[in-house]
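*Asks:* here is my input; please provide its structure:
(one chain, ligands or ions: 2)
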Amino acid sequence: MGEEAPEFRVESVTLESKDCIQNAIDVGDKTYVISRSDDPKSSISIKILDKLTQTWVVPTVLGAHPTPSNSHSSILVNSEKILLIEKGVPLSDFIWFLEVDTPFVKQQRKIKGTEVVAWTKGVIGEGQKPVVISGPSGVGKGTLIAKLMKEYPSKFGFSVSHTTRSPREKEIDGVHYHFTERSKMEEEISEGKFLEFAHVHGNLYGTSIEAVESVTDEGKRCILDIDVQGARSVRASSLEAIFIFVCPPSFEELEKRLRARGTETEEQIQKRLRNARAELDQSNSPGLFDHLLVNDDLEACYENLKKLLSLDDGHEDPNDSLIKDGKAIACYSILSKTNSEILLQSETNEVEKGTASLLSLDLSSLSGGAPGRTRGLKLTR
Ligand SMILES: Nc1nc2c(ncn2[C@@H]2O[C@H](COP(=O)(O)OP(=O)(O)O)[C@@H](O)[C@H]2O)c(=O)[nH]1
Ligand SMILES: Nc1ncnc2c1ncn2[C@@H]1O[C@H](COP(=O)(O)OP(=O)(O)O)[C@@H](O)[C@H]1O
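*Replies:* Ligands and ions are numbered 1, 2, ... in the order given. Below is the predicted model of the structure:
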């Protein structure tokens, strides 16, 4: 926790009334009031007071909301975000940020023309980087991913994409894809719910932020099966991932596999083969893919994929010991803040198993943020 004396700054006023709890936090000329009713099932609401004009605004609230609980404490982290610590929820779910003036919020404010705030959940530690797998249709991406998920069901989780294409015979909605209407998907894209999307073989495909985050929240490493355009978008996003391109041993073999799969019409096969040439050309784009895997013999290719992934294995997350019992109930409140850390104090008399009486939340290495999670939180005793 360093030598620096904590500056004790009370930036939040807690107003408790009979049926709700509110925190009022000043950010510049505005006061953000975060309220919840005493019904643990109801969600948090936000109101903003413009202190200059003495007017109230109810903002558009983006992002997944904090888990319902019956109380919280909060503090201003910096001019961009407020930290909210929830009480009575699992340790894996008690740190939240309300973004009030981050680049994402500023951009959304411009797009929507209204006042905007965004919730983002704080995730302790970095987790393992998601794995993006691209390659032409029929090369064997799905087969390789299925093998990986079968061998390591608790280690990897599949990012279930949305698509406007029709389901194939054995495909299950919500498992292989979220099969959806184009208009609904376009609406959700405009609401900022997608990490990336692309038009592929005449249909719209996209990865929702929730698809990736829900896998990561389960403590699993996320696998994305997306096309080259999607890989490019993810590369440009804030999601740090490993990018793998799967190549066929030859074009003729690719065509053979596509036909043998028997899931597409001749017209669709022709379209996929045309697109395959462009995708194979793009696989060499500088800085796009970290690894190229040739899928000739399936078993050999699978072994190579496993070797590649284990390159990143074996690193111990120092936060693991603190969060290993993520289901333990958190009962912390904010004690003090300096520029680099916020101290949280346990409110339980008897320190519960897996929790500590005083925790330091290091604010120096936060990554990501709305519309995804805020990662990289370091929590030390
Ligand atoms: N950009 C993007 N591409 C996707 C997504 N989901 C699937 N794809 C890609 O869309 C293409 C077609 O997928 P699909 O219809 O399942 O056919 P298949 O690749 O022949 O099995 C493949 O290149 C997938 O990698 C997504 O969420 N985003
Ligand atoms: N190494 C391989 N050798 C021969 N056939 C393969 C190999 N890998 C996959 N296949 C077969 O090729 C077809 C296409 O594979 P699939 O996993 O559906 O490709 P993708 O997901 O890339 O479109 C499937 O019928 C699959 O069983």
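*Asks:* helix or strand: which one has the spatially most central residue of the chain?
*Replies:* The centre of the chain sits closest to E213, judged by Cα atoms, centre = their mean, with a distance of 3.4 Å. Using DSSP states H and E, the element containing E213 is helix 209-217.
*Asks:* now that helix: how far from the chain's centre is it?
*Replies:* Counting by Cα atoms, centre = their mean, to the nearest Å, helix 209-217 is centred 5 Å from the centre of its parent chain.
*Asks:* stretch 123-130 now?
*Replies:* Taking Cα atoms, centre = their mean, one finds the center of stretch 123-130 at 10 Å from the center of the full chain.
*Asks:* what's the end-to-end length of it?
*Replies:* By Cα to Cα, to the nearest Å, the extent of stretch 123-130 from end to end equals 15 Å.
*Asks:* from the chain's centroid, how far away is stretch 369-380?
*Replies:* The chain centre lies 9 Å from the centre of stretch 369-380; the measure is Cα atoms, centre = their mean.
*Asks:* in it, what's buried?
*Replies:* G369, A370, P371, G372, R373, T374, R375, G376, L377, K378, L379 (16 or more other Cβ atoms under 10 Å). To be clear about C-beta, it is placed using only N, CA and C from the backbone, and glycine gets the same treatment.
*Asks:* quick one: residues contacting the nearest residue to the second one once chain neighbours are set aside.
*Replies:* Nearest-residue entry for A370: A118, 3.6 Å, with adjacent residues in sequence omitted and distances by Cβ to Cβ, 6 or more residues apart in numbering. Under the criterion of Cβ atoms under 8 Å, 6 or more residues apart in numbering, the contact list for A118 reads V61, L62, G63, L98, E99, T102, F104, V105, Q108, A370, P371.
*Asks:* okay, the helix or strand harbouring F243 in PDB with CA atoms only?
*Replies:* Assigned by DSSP H and E, F243 belongs to strand 242-247. The C-alpha trace of strand 242-247 is given here as PDB (Å, rounded to 0.1, in the frame of the first residue of the first chain):
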ATOM      1  CA  ILE A 242      -4.800 -14.000 -29.700                       C
ATOM      2  CA  PHE A 243      -5.600 -14.200 -33.400                       C
ATOM      3  CA  ILE A 244      -5.300 -17.600 -35.300                       C
ATOM      4  CA  PHE A 245      -6.000 -18.200 -39.000                       C
ATOM      5  CA  VAL A 246      -6.700 -21.700 -40.100                       C
ATOM      6  CA  CYS A 247      -5.600 -22.500 -43.700                       C
END
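*Asks:* close to ligand 2, is the helix or strand that it is followed by?
*Replies:* As assigned by DSSP H and E, the chain's next helix or strand after strand 242-247 is helix 251-261. Yes. Legend: contact between helix 251-261 and ligand 2 by Cβ under 6 Å from any ligand atom is shown at R257, A260, R261.
*Asks:* what's next to helix 251-261, contact-wise?
*Replies:* Residues contacting helix 251-261 (Cβ under 8 Å, 6+ apart): 136-140, 248, 264, 269, 272-273, 276-277, 280, 296.
*Asks:* flag the shaky bits of the stretch 251-381 of the chain, pLDDT-wise.
*Replies:* Residue ranges of the stretch 251-381 of the chain with pLDDT under 70: 310-327, 349-355.
*Asks:* again, only using 90
*Replies:* Where the stretch 251-381 of the chain drops to pLDDT under 90, the residues are 308-331, 339-340, 346-358, 363-381.
*Asks:* what's the residue nearest to A370 sitting at in phi/psi?
*Replies:* phi -140, psi 130 (degrees, to the nearest 10).
*Asks:* separation between it and A276?
*Replies:* 39 Å (Cβ to Cβ, to the nearest Å).
*Asks:* coming back round to it: need the contacts of A118 in TSV (columns: distance to V234 and secondary structure).
*Replies:* Listed next are those as TSV, based on distance: Cβ to Cβ, whole Å; DSSP: H, G, I helix; E, B strand; the rest coil:
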residue	distance to V234	secondary structure
V61	26	strand
L62	20	strand
G63	19	coil
L98	26	strand
E99	21	strand
T102	20	coil
F104	17	helix
V105	22	helix
Q108	20	helix
A370	17	coil
P371	14	coil
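*Asks:* which residues of the protein lie near ligand 1?
*Replies:* Counting by Cβ under 6 Å from any ligand atom, the chain comes close to ligand 1 at 137-138, 142, 161, 165, 196, 198, 200-201, 205-207, 225-227, 229-230.
*Asks:* taking those one by one, which sit in helices?
*Replies:* G142, Q229, G230 (DSSP state H).
*Asks:* the last one - how many residues pack around it?
*Replies:* Counted with other Cβ atoms under 10 Å, the burial measure for G230 works out to 22 neighbours.
*Asks:* for P136, which non-adjacent residue is closest in space?
*Replies:* With sequence-adjacent residues excluded and distances taken as Cβ to Cβ, 6+ apart, P136 is closest to A276, at 3.5 Å.
*Asks:* list the contacts of the helix or strand hosting the one you found.
*Replies:* Element membership of A276, judged by DSSP H and E, is helix 266-282. With contacts defined as Cβ under 8 Å, 6+ apart, helix 266-282 is touched by 134-138, 200-202, 227-228, 247, 251, 254-255, 258-259, 264, 288.
*Asks:* filter the residues you listed down to the buried ones.
*Replies:* Buried members of those, counted by 16+ other Cβ under 10 Å: 134-138, 200, 227-228, 247, 254-255, 258, 264, 288.
*Asks:* just want the residue of the stretch 1-150 of the chain that's nearest ligand 1.
*Replies:* Using Cβ to the nearest ligand atom, the single residue of the stretch 1-150 of the chain nearest to ligand 1 is S137, 3.3 Å away.
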